[in-house]
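Trainee: mind looking at a prediction? Sequence and model below.
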Amino acid sequence: MSNETTVTVRGWAGSDAKLFIGENSAPATAKVSAALVNVGVTPRIFDRKTQSFRDGETMWYSVRCYGSLAANVSLCVKRGHPLLVRGRLARHTYRDKSGNMRTSQVIFADSVGVELSHGKAEYVKTVSAPAGIAVKDRGVSESGVSDAQWETGCTADKPGEPVGADS
């Protein structure tokens, strides 16, 4: 959409990502997943008097993800992980428990990744069965996502066959 503010922030996860699964009114899917994680961004500021760097004021963003991104973020993002987040910036105004008006910065993420200057990561592609193909239920993980969705290394027996099809 036009006139929306798209941002990319580099920061640190302030908590483990939390997955929420809610009902959806659309008949095609029974549930919609959403993940929430708070990301802190602290600038480094050069102090000319002391000739050294110091931390600036930390800015916190509430990062919201939906669908398959939410499922992946909830499984991968833990407190303290360095992150790169890209998405639409919005402001959320609400009333706290004491009745005071508060405002928070929200990023509706379309991309979340690990910032690799502080560590390394291994990419593992998630594999799910195509629509209409039954996958044997292997249980549900802590995140509420079917374990079958996270299988890796699947290959079709014959070219042109769907991956993960039951024989």
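Mentor: Cool, got the structure. Numbering: from 1, shown residues only.
Trainee: ranges for the strands of the chain?
Mentor: Here the chain has its strands, by DSSP state E, at 6-13, 18-23, 31-41, 44-47, 52-55, 59-66, 82-95, 101-114.
Trainee: adjacent strands (with direction) for the second one?
Mentor: With DSSP bridges as the test, strand 18-23 is paired with strand 31-41 (antiparallel).
Trainee: hey, C-alpha coordinates of the strand it pairs with in PDB?
Mentor: The C-alpha coordinates for strand 31-41 follow below in PDB (Å, rounded to 0.1, in the frame of the first residue of the first chain):
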ATOM      1  CA  LYS A  31      -6.900 -21.100  12.500                       C
ATOM      2  CA  VAL A  32      -4.600 -18.200  12.000                       C
ATOM      3  CA  SER A  33      -1.300 -18.100  13.900                       C
ATOM      4  CA  ALA A  34       0.400 -14.900  15.100                       C
ATOM      5  CA  ALA A  35       3.700 -14.400  16.900                       C
ATOM      6  CA  LEU A  36       4.800 -11.600  19.100                       C
ATOM      7  CA  VAL A  37       8.300 -10.600  20.100                       C
ATOM      8  CA  ASN A  38       9.700  -7.400  21.600                       C
ATOM      9  CA  VAL A  39      12.900  -6.100  19.900                       C
ATOM     10  CA  GLY A  40      15.100  -3.500  21.600                       C
ATOM     11  CA  VAL A  41      17.300  -1.200  19.500                       C
END
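Trainee: what is the least confident helix or strand in the chain?
Mentor: Using mean pLDDT, DSSP states H and E, the weakest-scoring helix or strand in the chain turns out to be strand 18-23, at a mean of 83.
Trainee: what comes up buried for that one?
Mentor: 19, 21 (16 or more other Cβ atoms under 10 Å). Glycine gets a C-beta too; all of them are placed from N, C-alpha and C.
Trainee: thought K18 was touching V77?
Mentor: No: counting by Cβ atoms under 8 Å, K18 sits too far from V77 to count as a contact (9.7 Å).
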